[in-house]
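Participant: Would you be able to build a 3D model of this:
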Amino acid sequence: MDLSRCLIVDDEELGRELVVQYLQRVPVVVAVGSGEEAVEKFRAAQEAGEPFELVLLDIVMPGMDGIATGTALRKMEKERGIAVAQQAKIIMLTARNTPLDVMQSLMSVQSAAYLVKPVEPDKFRETLNKVGLKIPR
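Facilitator: Residues are numbered from 1 along each chain as shown. As a prediction, this is how the structure comes out:
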C-alpha cells in the first residue's frame, strides 16, 4: 500500500530532517520533536478521520520517551475501537541497538519493526516494505 500519512517523532532535528527527505513523495508528513507533541498530532488526525498509517518513533527522548508515547498512541486506538489490522504501523528508531531495547520496543508498543539511527535509505525502504508500506512513485 502506498504510504500517504506519516508522523515522525524524534527529539533530534537532524534525525527528523533525514527521514523527512526519504519521505518527499508522501503527501502528508508531520515531524515533531517530543512525545507530547506526537500524542496531540495523533489525536487530532484520528479526530479528523485522517489517521496516520505510519509512526516513526524515537525510543530515547526527554520527557515522554518512545515507549510511553507508543503506549499512549495504542491506548488511543484501542479506545476508538480501531482493529489491530487498521492501526498505525509503528517503527521504532534507536541509536542503541541492544537486544533488550529492541525487544522492549517491539513488545510494549506492538511496533512492526525498528531501525537503527542514523537511518540508511536502503534499510528504510526495506523496512517499509516489510510492514506492507511503500513510498509513492
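Participant: The least confident helix or strand in the chain by mean pLDDT: how far from the chain's middle?
Facilitator: The weakest-scoring helix or strand in the chain, judged by mean pLDDT, DSSP states H and E, is helix 99-109 (a mean of 73). Its chain's C-alpha centre and that of helix 99-109 lie 14 Å apart, by C-alpha atoms, centre = their mean, to the nearest Å.
Participant: what's the answer for stretch 73-86, then?
Facilitator: For stretch 73-86 - counting by C-alpha atoms, centre = their mean - the centre lies 15 Å from the chain centre.
Participant: Now do the buried residues in it.
Facilitator: Within stretch 73-86, the residues that qualify as buried are 73, 74, 76, 77, counting by 16 or more other C-beta atoms under 10 Å. In this view, the C-beta of every residue, glycine as well, is placed from N, C-alpha and C.
Participant: Which of the residues you listed fall in strands?
Facilitator: Secondary structure from DSSP state E places none of these in strands.
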